[in-house]
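Q: I'll drop the sequence and a predicted model, then ask my questions.
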Amino acid sequence: VKALRTVALLAALVAVPVAAAGCGSDASSDDAPVHAVATTTQVGDMVRQVGGDRVAVDQILQPNSDPHGYEPRPSDAAAIAEADVVIESGGDVDAWLGDLVDAAGGDAARVDLLESVEQRAGEAHGDEDHDHGGEDPHWWQDPHNTLRAVAAIETALSAADPAGAPRYRANARSYTAALRRLDRDVAACIDRIPPARRRLVTTHDALGYYADRYGLTVVGALIPSLSSAAQPSAGEIEQLVDQIETQGVEAIFPESSLDPKLEQAVARETGATVGRALWADALGPEGSSGATYVGSIRANTEAIVDGLTGGTERCRPWS
Ligand SMILES: [Zn+2]
């Protein structure tokens with residue numbers, strides 16, 4: 001019986017993106033003093049916040065598209081060739097950039113934000129196939145790291161456009177104030193979850209920074225890897241099912257950019273509920289709760305408080 005249920009769970013685990021990536025890039029104004037390429041949706045938002053109307057941002061990844069395993073297109077190389085600065089998230093989420101910057105030519109400065117933040121080491125669960133060197137690239141899930149990234153973006157834009165430096169400084173200062181407020185509000189929300197229930201199960205291992213910052217425990221992930229491109233084994237799923245049952249995990253959370261079938265199967269198996277989808281590795285389209293970085297962290301926090309308290313607590317300090 002156990003083997004059969006494992007087969008049923010594995011059948012559900014083909015993680016396909018919910019939405020295919022769009023192929024348009026952001027309209028960039030030719031008169032902007034700076035042309036910047038940003039790799040991920042989160043980094044794109046941060047660069048727009050700091051750059052304001054002086055920076056035309058070409059964002060390579062589109063909303064709701066999974067950054068792990070993206071394959072660059074010729075138009076990406078063209079954007080890089082024209083750019084003054086290329087701002088990378090760093091690590092496995094944009095390792096596909098590889099030699100593209102050199103190959104594209106041009107003379108863009110390169111900034112790797114992972115080098116500006118405080119890194120956590122990823123925990124190695126699972127077998128070697130799933131271990132990506134232990135470097136956890138999901139730094140933006142801790143708003144304190146986003147403060148560091150914003151400072152690095154301000155420095156890079158000011159170097160590319162010294163005349164704009166006062167503007168970048170002012171933009172970074174007001175965005176920083178918003179990030180500090182966000183951080184305080186999230187901490188206050190998580191405080192409302194009884195400590196024994198602060199246990200997270202997510203699709204892949206993307207929320208370690210968030211958990212570290214706000215005092216949650218990551219029990220496990222359906223794809224026990226720092227990359228969403230990995231596949232869990234039957235044994236790994238069995239182990240997670242056992243952990244969810246023994247630790248009394250209240251809810252498990254899918255990701256907006258991935259199919260939730262496996263979460264639903266594991267929830268049926270364990271009696272946990274399926275929480276609302278989290279904005280893990282990609283922001284959402286305009287009009288969604290994850291359209292901006294700040295919005296995505298708020299929406300995730302609301303989903304986590306609702307899910308882990310079985311809906312008895314609601315936390316919306318920002319609304
Ligand atoms: Zn990821």
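A: Cool, got the structure.
Q: Stretch 192-212 vs the ion: in contact?
A: Yes. Contact of stretch 192-212 with the ion is found when judged by CB under 5 Å from the ion, involving Ala206. Where C-beta positions appear, they are placed from N, C-alpha and C, glycine not excepted.
Q: That stretch: how far from the chain's middle?
A: From the chain centre to the centre of stretch 192-212 is a distance of 14 Å (CA atoms, centre = their mean, to the nearest Å).
Q: now swap in stretch 259-277 and tell me
A: With CA atoms, centre = their mean, you get 20 Å for stretch 259-277.
Q: end-to-end on that stretch?
A: 10 Å (CA to CA, to the nearest Å).
Q: For that stretch, buried residues please.
A: 259-263, 265-267, 269-270, 272-277 (16 or more other CB atoms under 10 Å).
Q: So which of those residues belong to strands?
A: Counted as lying in strands by DSSP state E, out of the buried residues of stretch 259-277, are Thr273, Val274.
Q: List just the nearest of the buried residues of stretch 259-277 to Ser89.
A: Set against Ser89, the nearest of those by CB to CB is Ala277 (20.7 Å).
Q: got the contact list for the closest one?
A: Contact partners of Ala277, counting by CB atoms under 8 Å, 6 or more residues apart in numbering, are Phe253, Pro254, Glu255, Ser256, Pro260, Ala303.
Q: Point out the ones among those that are inside helices.
A: Ala303 (DSSP state H).
Q: tell me the two of the contacts of Ala277 that are most distant?
A: Pro260 and Ala303, at 12.7 Å, using CB to CB across the contacts of Ala277.
Q: Surely Leu207 touches Thr217?
A: No. Look at Leu207 against Thr217 with CB atoms under 8 Å: they stay out of range, at 10.9 Å.
Q: Give me the more crowded residue out of these two.
A: Of the pair Leu207 and Thr217, Leu207 is the one with more neighbours under other CB atoms under 10 Å, namely 26 against 14.
Q: What does the pLDDT read for the residue lying closest to Pro63 once chain neighbours are set aside?
A: Nearest non-adjacent residue to Pro63, counting by CB to CB, 6 or more residues apart in numbering: Pro285, 4.3 Å away. Per-residue pLDDT puts Pro285 at 97.
Q: For Thr202, list the residues it contacts.
A: Val218, Ala221, Leu222, Ile252, Phe253, Glu255, Leu278, Ala280 are the contacts of Thr202 under CB under 8 Å, 6+ apart.
Q: phi, psi of Val34?
A: Main-chain torsions, Val34, degrees, to the nearest 10: phi -130, psi 130.
Q: Roughly how far does it sit from His204?
A: Note on Val34: its distance to His204, by CB to CB, to the nearest Å, is 34 Å.
Q: Between those two, which is the more surrounded one?
A: His204 (25 against 20).
Q: Enumerate the beta-bridge partners assigned to that one.
A: Ile223 (DSSP bridges).
Q: show me where the stretch 1-150 of the chain has helices.
A: Applying DSSP state H, counting those that start in this stretch to the stretch 1-150 of the chain gives helices spanning 2-11, 41-51, 74-82, 100-104, 143-160.
Q: which outside residues touch the second one?
A: Yep, that's helix 41-51 we're talking about. In contact with helix 41-51 (CB under 8 Å, 6+ apart) are residues 26, 34, 36, 38, 55, 57, 59, 61-63, 65, 87-89, 113, 140, 146, 149-150, 153-154, 157, 168, 171-172, 175, 282-283, 292-293, 296.
Q: Please check the residues you listed and keep the buried ones.
A: Buried among the contacts of helix 41-51 by 16+ other CB under 10 Å: 34, 36, 38, 55, 57, 59, 61-63, 65, 87-89, 113, 140, 146, 149-150, 153-154, 157, 168, 171-172, 175, 282-283, 292-293, 296.
Q: picking that back up, go through the helices of the stretch 1-150 of the chain and pick out the most buried.
A: Stretch with highest mean neighbour count among the helices of the stretch 1-150 of the chain: helix 41-51 (a mean of 27; mean count of other CB atoms under 10 Å).
Q: got the angle between it and helix 143-160?
A: Taking axes from the mean of the first three to the mean of the last three CA atoms, to 10 degrees, one finds helix 41-51 and helix 143-160 inclined to each other by 60 degrees.
Q: Report whether helix 41-51 contacts the ion.
A: No. Helix 41-51 is not in contact with the ion by CB under 5 Å from the ion; minimum separation 11.2 Å.
Q: Give me the longest helix you can find in the protein.
A: In the chain, with assignment by DSSP H, the single longest helix is helix 165-190.
Q: Tell me how far the nearest residue to Asp30 once chain neighbours are set aside lies from Ala38.
A: Spatial nearest neighbour of Asp30, chain neighbours left out: Ala56 (7.6 Å); criterion: CB to CB, 6+ apart. Separation of Ala56 from Ala38 (CB to CB): 11 Å.
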